[in-house]
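# Coordinates for the following, if possible.
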Amino acid sequence: MASSAVDVTVVIPTRARWQLLAASALPAALSQKGLGVEVLVVDDGSPAPAPPELAGLDDRRVRVLRHERPLGVARARNAGVEAALGEWVAFLDDDDLWSPRKLRTQLDAAAQCGAGFAYTAAVAVDDQRRPLLEFPLAPSDGLAVRLLRWNELHAGGSNVVVQTELLRRLGGFDEQLFQLADWDLWIRLALESPAAAVPEPLVGYTMHAGSMLLTDPRDVFPEFDHLVEKHRSAAERLGAAPDARRFSRWVAQGQRRAGLRRQAAGTYLHGALRHRDAGALPRAVAALLGERAFRFGRSVTEHARSSPPARAPDWLVGFPSPTV
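This next block holds a predicted model:
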């Protein structure tokens with residue numbers, strides 16, 4: 001494909017989830033309307049290459065880049081950025097979904113305000129495409145300050161579209177990070193460039209217990225320390241700092257969702273001691289006792305930050321439930 005035909009390069013990292021890719025991210029990327037796309041599927045060391053008969057791979061807009069061994073999602077995305085032909089780059093996880101108007105709407109919004117990157121509202125769905133909740137949209141004004149405190153770009157790994165030249169100038173994703181590489185890049189983008197926020201939910205973020213972020217055995221707290229130190233100067237200048245207490249609770253919640261009850265309880269206890277977080281103590285007990293106890297404890301100690309389950313957007317209904 002000639003570079004002049006490509007407005008946006010869509011980078012999709014994956015590893016040994018070919019049928020999921022074919023049922024979710026690949027048709028979502030190829031269905032984009034009103035602009036030219038190329039799709040770079042980055043195979044991060046799957047035991048076997050993609051089956052040649054996989055639906056969508058025969059599309060002339062699709063290229064597959066393969067790592068012979070797993071190098072991590074940050075390096076996989078960076079490989080896609082390096083090979084991109086488009087003026088813009090968008091990222092999409094292999095199990096997530098897009099409205100067919102997602103990229104065109106984002107580029108139009110970015111053009112209106114001279115932004116170097118854009119993001120939209122998002123809806124969380126389960127693995128059968130049923131809506132679970134709507135994420136709040138972070139306003140673009142003052143985005144850098146909010147991102148220095150917390151990652152407010154929900155579903156960011158399937159949400160953000162960014163000018164290729166800007167992304168390359170910033171060095172892409174930090175390959176020292178795994179779970180927090182997205183957050184780190186969004187901070188650097190917001191410090192460098194205006195952003196465009198699209199209030200319409202155009203991303204479907206799939207939540208399930210098999211998520212890589214829930215099942216990866218690596219300790220994420222050293223990544224958080226790296227993030228804090230990396231952005232210390234900007235945080236001091238802008239009067240913001242990453243919310244360590246909230247991060248600790250986020251890690252514990254992920255461990256609980258993955259069924260790691262003892263590990264979750266330990267993380268809650270550690271957070272209670274280190275951050276003087278009294279609310280983490282009942283959560284530690286509830287994590288050990290199971291989901292019913294946890295739901296009760298949460299109902300009396302915490303208000304949900306996201307909206308109640310949403311009605312499925314019309315575009316989401318067009319995606320069939322996966323059969324794999």
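# what's the domain layout of the chain?
3-208+312-317, 214-301 (automatic domain parsing).
# Point out the most buried one among these.
domain 3-208+312-317 (a mean of 19; mean count of other C-beta atoms under 10 Å). Quick note: C-beta positions are derived from backbone N, CA and C, even for glycine.
# Please state the offset of that one from the chain centre?
Centroid separation for domain 3-208+312-317 versus its chain: 8 Å, with C-alpha atoms, centre = their mean, to the nearest Å.
# one step back: need the domains of the chain in JSON lines with mean pLDDT, can you?
Converted to JSON lines, the domains of the chain look like this (pLDDT from 0 to 100):
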{"stretch": "domain 3-208+312-317", "mean pLDDT": "95"}
{"stretch": "domain 214-301", "mean pLDDT": "81"}
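# and Leu54, what is it in contact with?
Trp18, Gln19, Leu21, Ala22 (C-beta atoms under 8 Å, 6 or more residues apart in numbering).
# let me redo that: Ala28
Leu92, Asp96, Leu97, Trp98, Phe319.
# State the distance from the fourth one to Pro27.
Yep, that's Trp98 we're talking about. 9 Å (C-beta to C-beta, to the nearest Å).
# try the second one
Taking C-beta to C-beta as the criterion, Asp96 is separated from Pro27 by 12 Å.
# and if you look at the last one?
Distance from Phe319 to Pro27, counting by C-beta to C-beta: 8 Å.
# The first one now?
For Leu92, the distance to Pro27 equals 11 Å [C-beta to C-beta].
# what do you get for Glu87?
For Glu87 relative to Pro27 (C-beta to C-beta), the value is 23 Å.
# what's the answer for Val125, then?
15 Å.
# now do Asp314
Taking C-beta to C-beta, one finds Asp314 at 16 Å from Pro27.
# repeat for Asp184
With C-beta to C-beta as the criterion, Asp184 and Pro27 are 30 Å apart.
# Asp108 now?
Distance from Asp108 to Pro27, by C-beta to C-beta: 23 Å.
# and what of Gln255?
32 Å.
# likewise Gly114?
From Gly114 to Pro27 the distance is 32 Å (C-beta to C-beta).
# Kindly report the same for Asp141.
Distance from Asp141 to Pro27, by C-beta to C-beta: 35 Å.
# One more: Val10?
Counting by C-beta to C-beta, the gap from Val10 to Pro27 is 12 Å.
# The top strand by length along the chain: partners in the sheet, and parallel or antiparallel?
As assigned by DSSP state E, the longest strand anywhere in the chain is strand 195-206. Partners of strand 195-206 in the sheet, by DSSP bridges, are strand 97-98 (antiparallel), strand 117-125 (parallel).
# Give me the contacts around the shortest one.
Contact partners of strand 97-98, identified using C-beta under 8 Å, 6+ apart, comprise 24-25, 28-29, 31-32, 92, 125, 129, 158, 202-204, 206, 316, 319.
# switch the cut-off to 6 Å
Contact partners of strand 97-98, identified using C-beta atoms under 6 Å, 6 or more residues apart in numbering, comprise Ser24, Ala28, Gly204, Phe319.
# Packing partners of the helix or strand following it?
Downstream of strand 97-98, the first helix or strand assigned by DSSP states H and E is helix 102-113. Counting contacts by 3 or more C-beta pairs under 6 Å, 6 or more residues apart in numbering; DSSP states H and E, helix 102-113 packs against strand 117-125, strand 195-206.
# Kindly calculate the angle that helix 102-113 makes with strand 117-125.
Helix 102-113 runs at 140 degrees relative to strand 117-125, counting by axes from the mean of the first three to the mean of the last three C-alpha atoms, to 10 degrees.
# Kindly format the C-alpha coordinates of helix 102-113 as CSV.
Extracted in CSV, the C-alpha atoms of helix 102-113 (Å, rounded to 0.1, in the frame of the first residue of the first chain):
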residue,chain,number,x,y,z
LYS,A,102,-14.0,6.1,15.7
LEU,A,103,-10.9,7.2,13.9
ARG,A,104,-12.6,9.7,11.5
THR,A,105,-14.3,11.4,14.5
GLN,A,106,-11.0,11.6,16.4
LEU,A,107,-9.1,13.1,13.5
ASP,A,108,-11.8,15.7,12.9
ALA,A,109,-11.8,16.7,16.6
ALA,A,110,-8.0,16.9,16.6
ALA,A,111,-8.0,19.2,13.5
GLN,A,112,-10.5,21.5,15.1
CYS,A,113,-8.3,22.3,18.0
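# Show which residues not belonging to it make contact with it.
Val8, Gln32, Gly34, Leu35, Ala118, Val161, Ala196, Val198, Leu202.
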